[in-house]
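1. I would like to see how this sequence folds:
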Amino acid sequence: MKAWERYIGVDPEICFGRPFLKSSGVPVWAVLSMLAAGVPMEQVKEEYQVSDDEILAIFAWAAHLARRKRVSLKARRRLKSLPVAP
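-> Numbering: from 1, shown residues only. Have a look, this model is predicted:
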């Protein structure tokens, strides 16, 4: 079992089959989206009632996906055309 599997689950009956935190049912994408938008980690933790270990598990899960997910040539072109944040 990978360390993140202790905190993150996938169930077709919860969050429409998207990954969620087992302790609360909070969708993983919601936490990642807030952090990516620049919301301070402490605020995210308070708003969603998540622990440091759960945040680290979300990062580990995202890294796991990034290692195994290939990006198609079409998607790469689309990514290159997106504006870069300052």
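2. how many other residues sit next to Arg67?
-> 7 (other C-beta atoms under 10 Å). (Glycine included, C-beta is placed from N, CA and C.)
3. Tell me which helix or strand it sits in.
-> For Arg67, the host element (DSSP states H and E) is helix 52-68.
4. Next, the buried residues of that helix.
-> Judged by neighbour count (16 or more other C-beta atoms under 10 Å), helix 52-68 contains these buried residues: Glu54, Ile55, Ala57, Ile58, Ala60, Trp61, Ala62.
5. Name the nearest of the residues you listed relative to Phe16.
-> The shortest distance between Phe16 and any of those, using C-beta to C-beta, involves Trp61 and amounts to 17.2 Å.
6. if you skip the residues just before and after it, what's nearest to the closest one?
-> Nearest-residue entry for Trp61: Trp4, 4.4 Å, with adjacent residues in sequence omitted and distances by C-beta to C-beta, 6 or more residues apart in numbering.
7. would that neighbour count as being in a helix?
-> Yes. According to DSSP: H, G, I helix; E, B strand; the rest coil, the state of Trp4 is that of a helix.
8. From Lys45, how far out is it?
-> Counting by C-beta to C-beta, to the nearest Å, the gap from Trp4 to Lys45 is 17 Å.
9. which one of these two has more residues nearby?
-> Neighbour count, other C-beta under 10 Å: between Trp4 and Lys45, Trp4 has more, with 20 against 15.
10. That one and Ile58 touch, don't they?
-> Yes. Shown here, Trp4 and Ile58 form a contact pair, counting by C-beta atoms under 8 Å, at 7.5 Å.
11. can you map out the strands along the protein?
-> In the chain, the strands defined using DSSP state E lie at 8-9, 20-21.
12. Those strands into a markdown table, with extra columns for distance to Met34?
-> Listed next are the strands of the chain as a markdown table, based on distance: least, C-beta to C-beta, whole Å:
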| stretch | distance to Met34 |
| --- | --- |
| strand 8-9 | 16 |
| strand 20-21 | 13 |
